[in-house]
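Visitor: Make a model of this:
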Amino acid sequence: GAVKMGTTVATNALLERKGDRTLLLITKGFRDALRIGYQARPHIFAKKIVKPEMLFERVAEIDERVRADGTQERKLDLEGARAALETAQRDGIRAVAIVFMHAYRYPEHERAVAALARQMGFPQVSVSHEVSPLIKLVGRGDTTVVDAYLSPILSRYVAQVAAELNAGSDNDAEAGSIRLMFMMSSGGLTAAELFQGKDAILSGPAGGVVGMAETGRQAGFGRLIGFDMGGTSTDVSHYDGEYERAFETEVAGVRMRAPMMLIHTVAAGGGSILHFDGARFRVGPDSAGANPGPACYRRGGPLAVTDANVMTGKLIPDFFPKIFGPGQDQPLDAAMVRHDFNNLAQKVGDKTAEEIADGFIKIAVENMANAIKKISVQRGYDVTRYALNCFGGAGGQHACMVADSLGMTRVLIHPFSSLLSAYGMGLADIRATREQAIELPYDGKALAAVNKTGARLGKEAKTEVAGQGVPAAKIKVYVRTHIRYAGTDTALVV
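Guide: Take a look at the predicted model:
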């Protein structure tokens, strides 16, 4: 049997900056390249600019330089690299990221330093030409640092899960036969031992997109908008026969180049707190979470979207299990919800408690509808031709209102809608991805290079998938080329 799972361990470590202590080795003269980044100023009028915290703890410059044409300008100072590695090792650093100029094309210097680091016993060595063999030092460097920073945490988690699975099985033969597989951000499954930090950022939500697309396809819908509303946030996604992926993304202030499902998230969920500041209503972005949870959970929580649904009669306490209160044996507390909304109505003055609750729901619905417009209407898709595939714990309460707001006429709620992300992991394919930069003007020579490189990368990916027990006859290879007009940096996928 196989256990297929997603995890938010890597995402949480990135958000909370709790990854492993990491040393960055970079070409001499480029110590601050990743800190400077692309000099983008997302908040142009901000008086106090707060830069995102760097993931690496320490940076060491290595005397080496290969030019863009492959000419060696400076020989690699391997002894200097050894000294930097020894110092880091003495100070307890165990993860190393190696990023040299033009190494995506000429990786010999990186290979030599990586071999040295592994020989010295560093358990995690991430090398840019292996992690992200593409042009641009900053994107390649950031992705490599993320990989070095998160992979050790992920490895420990994978080992812990595998040990628990084996401990829970009745005999050694059964323990050995359980295959542990993880969901990658790209929407494919991979064996636990091949799971890397850079591929784990959207491990959980990616399962939802696969589940949404597959269940929609089985129901006869070719065009779908995924609407996954949970307790804290809502994830929306677009599908019209092919998964949409982003190849360069920013998560928690960190740039990353790894294929990820294109998912847009807004802070609107069942636990989103309702605010009234004396002039206007606001929903979220803060959430009551699971503890204390909304007011109706009997734990002294604030009014949240779930409470607004209780107040308007859309959630009926009699239909809920009696698991609330200190003894976990009471129903949802409708009386407390009414009490809190009545208090709010007195502050507002000219509206009933029900009207206020309904107003808050409308605001939440608008927030979610705007998120769907961002991934559909703003990108040229006519959303009225799509079906809304609704899932997640709070999705069903709002699906019809969201569909009405967007002019959509069909809503699909699968029997497994409340656990569709997990179901999607069961339906997902085993996948492997390889990337390589080819810098040539578009002509016959470039096409030959694309065919040759595509065949080589396809063979590598096929070998990886076959190594996970998939028969060769069932493996499909897709070659995608990202081509750019000369002088631009935006690629068209062909």
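Visitor: can you pull the contacts of the closest residue to Lys314 other than its chain neighbours?
Guide: Residue nearest to Lys314 in three dimensions, not counting chain neighbours: Gln397, with 5.8 Å by CB to CB, 6 or more residues apart in numbering. Any C-beta I mention is one placed from the backbone N, CA and C, and that applies to glycine too. The neighbours of Gln397, taking CB atoms under 8 Å, 6 or more residues apart in numbering as the test, are Met229, Gly270, Asn309, Lys314, Leu315.
Visitor: I figured Asp240 hits Asp382, correct?
Guide: No. In this structure, Asp240 is not within contact of Asp382 by CB atoms under 8 Å, at 10.6 Å.
Visitor: okay, these two: which has more neighbours?
Guide: Asp240 (14 against 10; other CB atoms under 10 Å).
Visitor: Could you report the pLDDT at the residue nearest to Lys314?
Guide: If you check Gln397, the pLDDT there is 90.
Visitor: ok, the residue most central in space within the chain - contacts?
Guide: Residue closest to the average C-alpha location in the chain (CA atoms, centre = their mean): Leu202, at 2.2 Å. Going by CB under 8 Å, 6+ apart, Leu202 touches Thr11, Ser185, Met260, Met261, Ile263.
Visitor: and the gap between Ile430 and Gly188?
Guide: Using CB to CB, to the nearest Å, one obtains 6 Å as the distance from Ile430 to Gly188.
Visitor: repeat for Ser151
Guide: From Ser151 to Gly188 the distance is 18 Å (CB to CB).
Visitor: again, but for Leu34
Guide: Using CB to CB, we find Leu34 at a distance of 28 Å from Gly188.
Visitor: Which one's more surrounded, these two?
Guide: The neighbour count for Leu34 versus Gly188, taken as other CB under 10 Å, is higher for Leu34 (25 against 21).
Visitor: So the residue lying closest to that one once chain neighbours are set aside: helix, strand or coil?
Guide: Nearest residue to Leu34 in three dimensions, chain neighbours excluded: Gly141, at 4.9 Å (CB to CB, 6+ apart). Secondary structure state of Gly141, per DSSP: H, G, I helix; E, B strand; the rest coil, is helix.
Visitor: Any idea how many residues pack against Gly141?
Guide: 26.
Visitor: just the one 4 residues further on next, same as before
Guide: Other residues within reach of Val145 by the criterion other CB under 10 Å amount to 31.
Visitor: Pro292 now?
Guide: Burial of Pro292 is recorded as 15 neighbouring residues (other CB under 10 Å).
Visitor: ok so, going back, just the ones of the contacts of Leu202 in helices?
Guide: Of the contacts of Leu202, the ones assigned to helices by DSSP state H are Thr11.
Visitor: for Gly289, what are its contacts?
Guide: Gly231, Thr232, Gly271.
Visitor: same thing with Met120?
Guide: By CB under 8 Å, 6+ apart, the neighbours of Met120 are Arg82, Leu85, Glu86, Gln89.
Visitor: hmm, try it at 10 Å
Guide: Shown in contact with Met120 (CB atoms under 10 Å, 6 or more residues apart in numbering): Arg82, Leu85, Glu86, Ala88, Gln89, Val96.
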